[in-house]
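Colleague: okay, predicted coordinates and the sequence, questions at the end:
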Amino acid sequence: MRALVQRVTEASVTSNGRQAGTIGPGLCVLVGVTHDDTGALVAKMADKLAGLRIFDDDEGVMNRSVLDTGGEILVVSQFTLYADTRKGRRPSYVRAAPPEVAEPLIDALVAALRATGISVATGVFRTDMAVSLVNDGPVTVMIELPA
């Protein structure tokens, strides 16, 4: 499972011309799922995202998590995080899990994050989405958890 995590002052996602989710300060998280990802891995990712210390404390040091700040999270499924660009110029997506495998894992991630008390907004699975955000910092990190 991979996640591109961006610290934001605000973020939103639109699907089919409708706003699907919007947040204020917090994290915009693009999540990719691969074939052998499991529920146990989802729990680890939720824990990592909730506790990731990338928000400034009173001294300006990145020492606080989204839980500490009371921030929100926008989760958007992003199969293209598993693009393989090693050969040629057209990415291959064979490492991305098919929708019927990925969707329940994304739903489980959202549920696990909500269980921590974090307000979570989402995109709409299997649709073209437009993500808009104001990156704070900018701070962007990649998380990859091996199965």
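Modeller: Yes, it's here.
Colleague: alpha carbons only for contacts and neighbour counts from here, please
Modeller: Noted.
Colleague: count of residues packed around Thr85?
Modeller: Counted with other CA atoms under 10 Å, the neighbours of Thr85 add up to 11.
Colleague: then Ile143?
Modeller: Other residues close to Ile143 by other CA under 10 Å number 14.
Colleague: tell me the pLDDT at it?
Modeller: At Ile143, the model reports a pLDDT of 97.
Colleague: with Thr38 instead?
Modeller: Reported pLDDT for Thr38: 95.
Colleague: ok, the spatially most distant residue from the centre of the chain to Thr116 distance?
Modeller: Ranked by distance from the centre of the chain (CA atoms, centre = their mean), the top residue is Gly88, with 27.9 Å. Distance of Gly88 to Thr116, given as CA to CA, to the nearest Å: 43 Å.
Colleague: would you mind finding the longest strand in the chain?
Modeller: Counting by DSSP state E, the longest strand found in the chain is strand 129-144.
Colleague: now the lengthiest helix in the chain: buried residues?
Modeller: Looking across the chain with DSSP state H, the single longest helix is helix 99-115. For helix 99-115, burial by neighbour count (16 or more other CA atoms under 10 Å) applies to 101-103, 105-106, 108-114.
Colleague: again with stretch 73-90
Modeller: In stretch 73-90, counting by 16+ other CA under 10 Å, buried: 73-82, 84.
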